[in-house]
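**Student:** Just a sequence and a predicted model for now, questions to come.
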Amino acid sequence: MTTPSAESNYEDRALEIDFLRHRVQLRGQIVVLSATEFRLLAVLVRNAGLVMSTARLLELAWGEKEVGHANVRAYIRHLRKKLEGGPSPLIETVREFGYRYNTPGG
């Protein structure tokens, strides 16, 4: 597993992200994400294992807090539809706290 930075690639057992090219692969298959979905996933992956509050996700992925918490929930749903299907969820809801990216096998 690599530690992602703004100008690198990320890879774990399920997911590969090329941050410069905005390209995502799930188990070898290209996943098409909107710009917002990509930014949200990038924030979650860059903070893998940490619980990210909705407010923090808004700040980091949207750059503002006026967008609304419902947008985070909606985009988490979009990402899950595109990324789930393995034995355990990649994006976990931590009730009353936020969301966490779970590194497969890590």
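**Tutor:** Happy to help now that I have it.
**Student:** Going by C-alpha atoms from here, please, whenever you check contacts or count neighbours.
**Tutor:** OK.
**Student:** the longest helix in the protein is where?
**Tutor:** Determined from DSSP state H, the single longest helix within the chain is helix 69-83.
**Student:** now that one: mean pLDDT?
**Tutor:** Per-residue pLDDT over helix 69-83 has a mean of 91.
**Student:** for that helix, packing partners?
**Tutor:** Judged by 3 or more Cα pairs under 8 Å, 6 or more residues apart in numbering; DSSP states H and E, helix 69-83 is in contact with helix 35-46, helix 54-57.
**Student:** average pLDDT across the last one?
**Tutor:** So the one you mean is helix 54-57. 92.
**Student:** then it to CSV, C-alphas only?
**Tutor:** Output in CSV follows, covering the C-alpha atoms of helix 54-57 (Å, rounded to 0.1, in the frame of the first residue of the first chain):
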residue,chain,number,x,y,z
THR,A,54,-19.4,15.6,7.4
ALA,A,55,-18.2,19.1,8.2
ARG,A,56,-14.6,18.2,7.5
LEU,A,57,-15.5,16.4,4.2
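**Student:** Please identify the buried residues of it?
**Tutor:** Buried residues in helix 54-57, counted by 16 or more other Cα atoms under 10 Å: 54, 56-57.
**Student:** Would you mind listing the residues in contact with the spatially closest residue to His78 that is not a sequence neighbour?
**Tutor:** Of all residues not flanking His78 in the chain, Glu37 sits nearest, at 7.6 Å (Cα to Cα, 6 or more residues apart in numbering). Listed by Cα atoms under 8 Å, 6 or more residues apart in numbering, the contact set of Glu37 reads 75, 78-79.
**Student:** hmm, which of those residues are the buried ones?
**Tutor:** 75, 79.
**Student:** got the contacts of Glu37 as JSON lines, with distance to Val24 columns?
**Tutor:** Output for the contacts of Glu37, formatted as JSON lines (distance: Cα to Cα, whole Å):
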{"residue": "Tyr75", "distance to Val24": "16"}
{"residue": "His78", "distance to Val24": "14"}
{"residue": "Leu79", "distance to Val24": "12"}
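**Student:** Nothing else from me, thank you.
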